[in-house]
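K.L.:
Mind folding the following:
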Amino acid sequence: MRTQFFACLIGLSLVPGSVAAQTQPIDWVNQYIGTGNGGQTYPSVTPPFAMTAWSPETRPGNVKCVPPYYFADTRIDGFRGSHFMTGSCGVDYGDMTLMPLSGALKLDPTTRASAFDRKTETATPYRYAVTLADYGIDAELTGTAHSGLMRFRYTRSGPAWMLVESNSGKGEGSVQIDPRRNEILVVNPVRRMYYAGAGKPAGISGYFVVQFNRPFKAGGTYDAGKLSTGNRQHPGSLTQQGGDNPPGAYVSFDLKPGDLVEARIGSSFTSLDEARRNLQAEIPGWDFSRIAAETKAEWATALDKVRIEAPADRKHVFYTALYHSLLLPRTYSDVDGTYPRFAADHQVEVAKGFIDYGDFSMWDTFRAVHPMLTILDPDRERDMVRSLIAEGREGGFLPDFPMWNNYTAEMVGDHSLTVIVDAYMKGIRGFDAEEAYRLMKQNAMELPATHELYVDGRGRRGLESYLKYGYIPLEDPVLDAFHKGEQVSRTLEYAYDDAVIGRMAQALGHTEDAALFVKRAEYYRNVIDPTTGFARGRHADGSWDSPFDPTVAYHYITEGLPYQYTFFAPQDVPGLIQAIGGRQAFISKLDGLFASGSYNHGNEPSHHIAYLYDYAGAAWKTQQHVRTVMDTLSMAWQATTTPGKCPPGMC
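P.N.:
Got it, this is the predicted structure:
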């Protein structure tokens, strides 16, 4: 059977980045796909895998599952240096907002927000532009790996203002006006949110140094938020600490109509000094066109590694999806290699010979993004592997879903190790394989030394039950997790993880360990009910949970159905076919999944299922269902014709 890269039934090829074409892949990227209807993407300007994304802001504040920008919104209240994990249900952190104004000074985000004509808006991965209609200001944004460059043309006479805010939590963060250096400094301490360690300091801050191309007059500071009484505005003040609302600062410029104010912004997770060094290294001058062109060239090189032959609407969707897949994980190290130590309190390490990355949405990306990177960008994938190993060494355990430079225990599974082993098996070297193996084995065999460390997110959830029973019984509620319970999904995913560790043990010559983990790879069978042939909740006494319907959601399944998770045994598809009753029974069960409407391409547990027909000798059904998925689900046709529309989870 002909294998199609990216699981798409459209012709494509891998090509050198130097190959030119009349229309480049970057020209097909539609920044509006996913900016509405639950897609949770936003039109940022940034190179691939950059530290900070620069975006228009239509939704102020940091709220779970809310990115900075929604296409349906009609007003812009600022331009954000964002760390929101695009496409996720996370929360922005360590970020800041800048807003130009003309005329009356307006500090409240809702009051100051400006209308804009969609016809003036341009959104590409390397340049964003819009006219703020209320103020007559033409705004443009571009960015580098650690820094941003914004320019604002004030077309009206009268007062000209610039606001800078730290989007920090209550009582935290600071802004400081430094007239001598013509800078505004922003610090935004990060707290862990929603998951393990919720409410605790993450041990990092977002640091920003904002420099301007012309002198300003220091105006004052304020508490960002509603200022109806005016008692939170502090004219003449140069420093503002966070209070009930995030801190902000405002300055003014002497301008005539048509004058340009430019702001270059350095960012860092380690210090203001490093933010300034990052800025000087990447944007030493004020050549906006050069920076935008260089960022465009980076995207052109990244996207041009894959060429497809397809109609225009499909090219829009394909290259936009490829673009989104190259935004995370984000760069965490500075230009000189310094980066914040993982799960620590503002301690600093140095990445020697590699770029340190963070924010691994691992449950989502181990399936396709990281395997893709082993092909398209193996050197970068090596650095990501080194980053994961560093996180494990510094924090004590490999993380399962590291965000904001700390543990989360956010999802099920233990998939950092699968990314490491996948890279190793594909010949990627340049990292300490034995140290990686030590951390993998520790995750699979041990719990942290104290319960406090476990609650804080280290170690596998439900490991004691998994080792005792060969599965996680329903009597173990798995409470110390964001996704509580979900015992069957955990069992299935741990069995896969153990199979992967076994492969690594064998490759490194740890034969006894390999035999142990190969045996544990069979634990998936312990939650496949032989009577029904479905994954099913199981009690400690071995009995099966009742009543049972594979098309119904249960607390022991993660974000899906028993019908879907029945097919998660990628380490042993032939064995799964046998456990379900042989090839014909397996094909019939797959048919039933699709016929019952139980397939859900909007979430990860279903993504691999259509390809399993091939293992059972029905390759034509793989072709049929993949084509159907592509045509009716993944392509999100309306997204290319009506910007902002995107079926949930499809972009």
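K.L.:
According to the record, where do the domains of the chain fall?
P.N.:
Recorded structural domains for the chain (assignment: automatic domain parsing) are 33-302, 461-571.
K.L.:
In JSON lines: these, plus mean neighbour count.
P.N.:
(C-beta placed from N, C-alpha, C; glycine too.) Putting the domains of the chain into JSON lines (neighbours: other Cβ atoms under 10 Å) gives the following:
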{"stretch": "domain 33-302", "mean neighbour count": "21"}
{"stretch": "domain 461-571", "mean neighbour count": "20"}
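K.L.:
Now render these as a markdown table, adding mean pLDDT and distance to Pro448.
P.N.:
Shown next, in a markdown table, are those (pLDDT from 0 to 100; distance: least, Cβ to Cβ, whole Å):
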| stretch | mean pLDDT | distance to Pro448 |
| --- | --- | --- |
| domain 33-302 | 95 | 12 |
| domain 461-571 | 98 | 10 |
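K.L.:
Of all the ones you listed, which one comes closest to Gly582?
P.N.:
Within these, the stretch nearest Gly582 is domain 461-571; the backing value is 10.5 Å (Cβ to Cβ).
K.L.:
For that closest one, measure first residue to last.
P.N.:
21 Å (Cα to Cα, to the nearest Å).
K.L.:
Report all helices and strands that the top helix by length along the chain contacts.
P.N.:
Longest helix of the chain, by residue count under DSSP state H: helix 487-508. Counting contacts by 3 or more Cβ pairs under 8 Å, 6 or more residues apart in numbering; DSSP states H and E, helix 487-508 packs against helix 416-425, helix 433-445, helix 463-469, helix 511-520, helix 562-565.
K.L.:
Now do the longest one, average pLDDT.
P.N.:
By that I understand helix 433-445. Average pLDDT, helix 433-445: 98.
K.L.:
Number the residues from 49 up from this point.
P.N.:
Will do, 49 is the new start, and the previous item becomes helix 481-493.
K.L.:
re the thing from before, okay, the helices and strands packed on helix 535-556 in JSON lines with distance to Arg586 next?
P.N.:
Formatted as JSON lines, those follow (distance: least, Cβ to Cβ, whole Å):
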{"stretch": "helix 464-473", "distance to Arg586": "24"}
{"stretch": "helix 481-493", "distance to Arg586": "21"}
{"stretch": "helix 511-517", "distance to Arg586": "8"}
{"stretch": "helix 559-568", "distance to Arg586": "17"}
{"stretch": "helix 610-613", "distance to Arg586": "12"}
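K.L.:
Met678: which of the ones you listed is closest?
P.N.:
helix 610-613 (18.9 Å).
K.L.:
related to what we said a few turns ago, out of the helices and strands packed on helix 535-556, which comes closest to Thr94?
P.N.:
Using Cβ to Cβ, the nearest of the helices and strands packed on helix 535-556 to Thr94 is helix 464-473, at 22.6 Å.
K.L.:
what angle do the closest one and helix 481-493 make?
P.N.:
Going by axes from the mean of the first three to the mean of the last three Cα atoms, to 10 degrees, helix 464-473 is angled at 150 degrees with respect to helix 481-493.
K.L.:
could you check the angle helix 535-556 makes with helix 464-473?
P.N.:
Using the same axes, to 10 degrees, helix 464-473 lies at 30 degrees relative to helix 535-556.
K.L.:
buried ones in helix 464-473?
P.N.:
For helix 464-473, the neighbour count (16 or more other Cβ atoms under 10 Å) marks Ser464, Leu465, Thr466, Val467, Ile468, Val469, Asp470, Ala471, Tyr472 as buried.
K.L.:
which of those lies closest to Asn651?
P.N.:
Thr466 (18.5 Å).
K.L.:
and Val398, how many neighbours?
P.N.:
Neighbourhood size, Val398 [other Cβ atoms under 10 Å]: 11.
K.L.:
If you could redo that for Thr368, that was the one I meant.
P.N.:
Per other Cβ under 10 Å, the neighbour tally for Thr368 reads 25.
K.L.:
cool, and the one 3 residues further on?
P.N.:
By the other Cβ under 10 Å criterion, the neighbourhood of Tyr371 contains 23 residues.
K.L.:
Need the three-state assignment for it.
P.N.:
helix (DSSP: H, G, I helix; E, B strand; the rest coil).
K.L.:
Going by contacts, tell me the helices and strands next to the longest strand anywhere in the chain.
P.N.:
Looking across the chain with DSSP state E, the single longest strand is strand 249-260. Applying 3+ Cβ pairs under 8 Å, 6+ apart, we find strand 249-260 packed against strand 144-150, strand 231-239, strand 307-316, helix 320-330.
K.L.:
Adjacent strands (with direction) for it?
P.N.:
Here strand 249-260 has these sheet partners by DSSP bridges: strand 231-239 (antiparallel), strand 307-316 (antiparallel).
K.L.:
Select, out of the ones you listed, the one closest to Ala543.
P.N.:
strand 231-239 (34.7 Å).
K.L.:
Give me the residues contacting the closest one.
P.N.:
Outside strand 231-239, the residues that touch it by Cβ atoms under 8 Å, 6 or more residues apart in numbering are 141-144, 212-217, 220-226, 247-260, 297, 299, 320, 452-453.
K.L.:
what's the answer for stretch 512-523, then?
P.N.:
493, 495, 508, 510, 524, 526, 533, 535-536, 538-539, 542, 568, 571, 574-575, 585-588, 593, 604.
K.L.:
how about the strands in the stretch 249-398 of the chain?
P.N.:
Per DSSP state E, counting those that start in this stretch, the stretch 249-398 of the chain carries strands over the ranges 249-260, 265-271, 281-283, 287-289, 295-301, 307-316, 354-357, 378-379, 386-388, 396-398.
K.L.:
which one of the strands paired with strand 249-260 lies closest to Phe164?
P.N.:
Ranking those by proximity to Phe164 (Cβ to Cβ) places strand 307-316 first, at 18.3 Å.
K.L.:
re earlier: relative to Ala177, which of the buried residues of helix 464-473 is nearest.
P.N.:
The closest of these, once distances to Ala177 are taken by Cβ to Cβ, is Val467, at 37.0 Å.
K.L.:
how far off helix 559-568 does the longest helix of the chain point, in degrees?
P.N.:
Using the same axes, to 10 degrees: helix 535-556 against helix 559-568 is 150 degrees.
K.L.:
Looking at the domains of the chain, which is nearest to Ser654?
P.N.:
Using Cβ to Cβ, the nearest of the domains of the chain to Ser654 is domain 509-619, at 5.3 Å.
K.L.:
Distance check, the closest residue to Pro622 other than its chain neighbours against Gly461.
P.N.:
Among residues not flanking Pro622 along the chain, Tyr663 sits closest, at 7.0 Å (Cβ to Cβ, 6 or more residues apart in numbering). As for Tyr663, its distance to Gly461 is 22 Å (criterion: Cβ to Cβ, to the nearest Å).
K.L.:
Who has more neighbours out of the two?
P.N.:
Neighbour count, other Cβ under 10 Å: between Tyr663 and Gly461, Gly461 has more, with 23 against 15.
K.L.:
list the contacts for that one?
P.N.:
Counting by Cβ under 8 Å, 6+ apart, Gly461 makes contact with Met410, Trp411, Phe414, Asp448, Arg538, Glu541, Tyr542, Tyr544, Asp545.
K.L.:
What are the boundaries of the helices in the stretch 549-698 of the chain?
P.N.:
For the stretch 549-698 of the chain, the helices defined by DSSP state H, counting those that start in this stretch cover 559-568, 610-613, 621-628, 631-643, 660-663, 667-677, 685-689.
K.L.:
Now that we have those, can you turn them into a markdown table and tack on distance to Cys137?
P.N.:
A markdown table is the format used below for the helices of the stretch 549-698 of the chain (distance: least, Cβ to Cβ, whole Å):
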| stretch | distance to Cys137 |
| --- | --- |
| helix 559-568 | 31 |
| helix 610-613 | 19 |
| helix 621-628 | 30 |
| helix 631-643 | 25 |
| helix 660-663 | 28 |
| helix 667-677 | 22 |
| helix 685-689 | 19 |
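K.L.:
Out of those helices, flag the one nearest Asp271.
P.N.:
helix 685-689 (39.0 Å).
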